[in-house]
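Peer 1: Sequence plus predicted model, see below.
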Amino acid sequence: MTTFDPEVEKLPRERANRRFPRPSEIRPLMTFRRPRFDARERRLAHAHTIEDLRTIARRRTPRSVFDYVDGAAEQEISIGRARRAFENVELHPRVLRDVSRVDASTDVLGTRTPLPLVLAPTGFTRMMHHEGEIAVARAAARAGIPYVLSTMGTTDLESVRACAPTARQWFQLYLWKDREASEALLERAAEAGYEALVLTVDTPVGGARMRDIRNGLTIPPSLTLRTLAGMAMRPAWWMNILTTEPLRFASLSSFDGTVEELVRRMFDPSVTVEDLRWLRERWSGKLVVKGIQSIEDAKTVVDHGVDAIVLSNHGGRQLDRAPTPLELLPRAADAVGHDCEILIDTGVRTGADLLVARALGASAAMVGRPYLYGLMAAGEQGVDRAIEIFDTEYTRTMRLLGVASTNEIRAQHASLRPAHRL
């Protein structure tokens, strides 16, 4: 209970002395932002987080295109769990550490990279923005981080390589039913100088992506009454699509249909570990297997000579209720971390998430949606901004955690909180 001193209450109340401020005192307070004449710069000025980029992207692109990036399979349980897993991590900072300078760099597949970040393979990229894979490759090159071009890309692998010939570029492969076509892609990737091959193994069939089904998404987008009506809402996007090179799958001669139909035609449900052996014999560079979701499978592919694995449930876009990669990571690190590198994707949205992945055993994290939000928001400049956000958040989290270099990050710095703790 608060008590009052009656003697204090008798003291006269002091009133502030008023005066007119001097011009010299007002002048420093009068700051005006430099006008931005570039529309992309104006948009990105409000993007401080990946979620901000997502908000801008949603305003800039047709609903079906945004939903293709943002959505996941069936009830979207897997992607929700992945995000909650990162949110449920507790960081353990140490104080009184010299973090006046920090080194965010690390080794990924044997080469130094400025940040433990890899831009993941994503299909149909020119559908999100007409600059497409070229914009992403250039942004990754400027940042010095690897970019993985997808088999389902909309720019041919030679053109992507030529736009940044000294950059770290990897090529992602789906083993098609047509093995000769797959082998031809391998030869093209090797001749173009791609550093690594990333084999995706979690697609015996395509996942049921309900947003795409409800939106009737096709590649290229069909000019239906619904899409024609959407032109009035997103005229800039449609103008760019209709006045630039026709949208196509660069690795295919031609295709006209839904994403689901394409997946049924291309993906091979008969792929086994024997095909991994076949691939290892034909690819002399670094080999990464993406889509590992169990310790047993991790051990199996490591036994077949891969250089790295990616713990991934395909961004929640294949099997709903699949294992959450972050929760699997510590056990995978114990089981195979001494035999190969481990990367992780799905649910990575902040620089702090990169640090968590490092602490729990990954050499780096892959991201797809975050840089696509940037691409949809402002093209190549938006991808630059997405990478910059990760860099800023990562180094700030390092300082707050009390570590001066990426190599200092250990399991003691992060832990998964028990589900019952709030």
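Peer 2: Yes, it's here.
Peer 1: Which stretches in the stretch 251-400 of the chain count as helices?
Peer 2: Assigned by DSSP state H, counting those that start in this stretch, the helices in the stretch 251-400 of the chain fall at 259-266, 273-282, 295-303, 325-336, 351-359, 369-401.
Peer 1: Find the residue ranges of the protein scoring beneath the pLDDT cut-off.
Peer 2: The model of the chain has pLDDT under 70 over residues 1-14, 16, 32-33, 219-231, 251-265, 419-422.
Peer 1: How about the contacts made by the residue nearest the centre of it?
Peer 2: Closest residue to the average C-alpha location of the chain: Val367 at 1.8 Å, with Cα atoms, centre = their mean. By Cβ atoms under 8 Å, 6 or more residues apart in numbering, Val367 lies in contact with Leu117, Val118, Leu119, Ala120, Asp345, Val348, Arg349, Phe390. The C-beta positions use only the backbone N, C-alpha and C, and glycine is treated the same way.
Peer 1: The top strand by length along the chain: which residues count as buried?
Peer 2: Longest strand in the chain, counting residues (DSSP state E): strand 286-292. Neighbour counts over strand 286-292 (16 or more other Cβ atoms under 10 Å) mark Lys286, Leu287, Val288, Val289, Lys290, Gly291, Ile292 as buried.
Peer 1: And stretch 382-401, by the same measure?
Peer 2: Neighbour-count burial for stretch 382-401 flags 382-387, 389-391, 393-395, 397-398, 401 (criterion: 16+ other Cβ under 10 Å).
Peer 1: What of stretch 149-163?
Peer 2: Leu149, Ser150, Thr151, Met152, Gly153, Thr154, Thr155, Asp156, Leu157, Val160, Arg161, Cys163.
Peer 1: The first one contacts Leu157, doesn't it?
Peer 2: Yes. Counting by Cβ atoms under 8 Å, a contact exists between Leu149 and Leu157, whose distance comes to 5.8 Å.
Peer 1: Figure out how far stretch 297-315 is from the centre of its chain.
Peer 2: 19 Å (Cα atoms, centre = their mean, to the nearest Å).
Peer 1: Between the two ends of it, how far is it?
Peer 2: 18 Å (Cα to Cα, to the nearest Å).
Peer 1: swap in stretch 151-161?
Peer 2: Termini of stretch 151-161 sit 14 Å apart (Cα to Cα).
Peer 1: wait, what's in contact with the spatially closest residue to Ser284 that is not a sequence neighbour?
Peer 2: Sequence neighbours aside, Ala190 is the residue nearest to Ser284 in space, at 7.3 Å (criterion: Cβ to Cβ, 6 or more residues apart in numbering). By Cβ under 8 Å, 6+ apart, the contact list for Ala190 reads Trp283, Ser284, Gly285.
Peer 1: With Pro21 as the reference, measure out to the nearest residue to the first one once chain neighbours are set aside.
Peer 2: What that stands for is Trp283. Distance criterion Cβ to Cβ, 6+ apart; nearest residue to Trp283, sequence neighbours excluded, is Leu197 at 5.0 Å. Taking Cβ to Cβ, to the nearest Å as the measure, Leu197 falls 67 Å from Pro21.
Peer 1: I'd like the helices of the stretch 251-400 of the chain written out as a markdown table, with distance to Leu319 added.
Peer 2: Output for the helices of the stretch 251-400 of the chain, formatted as a markdown table (distance: least, Cβ to Cβ, whole Å):
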| stretch | distance to Leu319 |
| --- | --- |
| helix 259-266 | 14 |
| helix 273-282 | 19 |
| helix 295-303 | 13 |
| helix 325-336 | 13 |
| helix 351-359 | 21 |
| helix 369-401 | 18 |
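Peer 1: To Asp38, which of these lies closest?
Peer 2: helix 369-401 (8.4 Å; Cβ to Cβ).
Peer 1: my read: Asp98 touches Ala404, true?
Peer 2: Yes. The criterion here is Cβ under 8 Å, and Asp98 meets it with Ala404 at 6.6 Å.
Peer 1: higher neighbour count, these two?
Peer 2: Neighbour tally, Asp98 and Ala404, criterion other Cβ atoms under 10 Å: the higher count belongs to Ala404, 15 against 8.
Peer 1: residues contacting that one?
Peer 2: Arg97, Asp98, Val99, Arg101, Val102, Asp103, Met398.
Peer 1: same thing with Val348?
Peer 2: Contacts of Val348 (Cβ under 8 Å, 6+ apart): Phe86, Leu354, Ala357, Ala365, Met366, Val367, Pro370.
Peer 1: 10 Å - rerun?
Peer 2: Each residue near Val348 by Cβ atoms under 10 Å, 6 or more residues apart in numbering is listed here: 50, 82-83, 86, 117, 120, 315, 325-326, 354, 356-357, 362, 365-370, 390.
Peer 1: And Gly132, by the same measure?
Peer 2: Gly132 is in contact with 124-126, 153-155, 160, 244-245, 247, 250, 375, 379-380, counting by Cβ under 10 Å, 6+ apart.
Peer 1: Tell me the one among those residues nearest to Ala181.
Peer 2: Ala250 (13.1 Å).
Peer 1: wait, doesn't that closest one sit right on Val160?
Peer 2: Yes. The pair Ala250 / Val160 is scored as a contact, 8.7 Å apart, by Cβ atoms under 10 Å.
Peer 1: Give me the common contacts of these two.
Peer 2: Joint contacts of Ala250 and Val160 (Cβ under 10 Å, 6+ apart) are Gly132, Glu133, Leu149, Gly153.
Peer 1: Those residues: which two are farthest apart?
Peer 2: The largest distance within the shared contacts of Ala250 and Val160, taken as Cβ to Cβ, falls between Gly132 and Leu149 and amounts to 10.6 Å.
Peer 1: intersection of neighbour lists for the two?
Peer 2: Thr125, Thr155, Val160, Ala250.
Peer 1: quick one, strands of the stretch 101-250 of the chain?
Peer 2: 106-108, 111-113, 117-119, 147-149, 169-173, 196-200, 218-219 (DSSP state E, counting those that start in this stretch).
Peer 1: Quick check: the gap between Ala85 and Tyr373.
Peer 2: The spacing between Ala85 and Tyr373, counted by Cβ to Cβ, is 20 Å.
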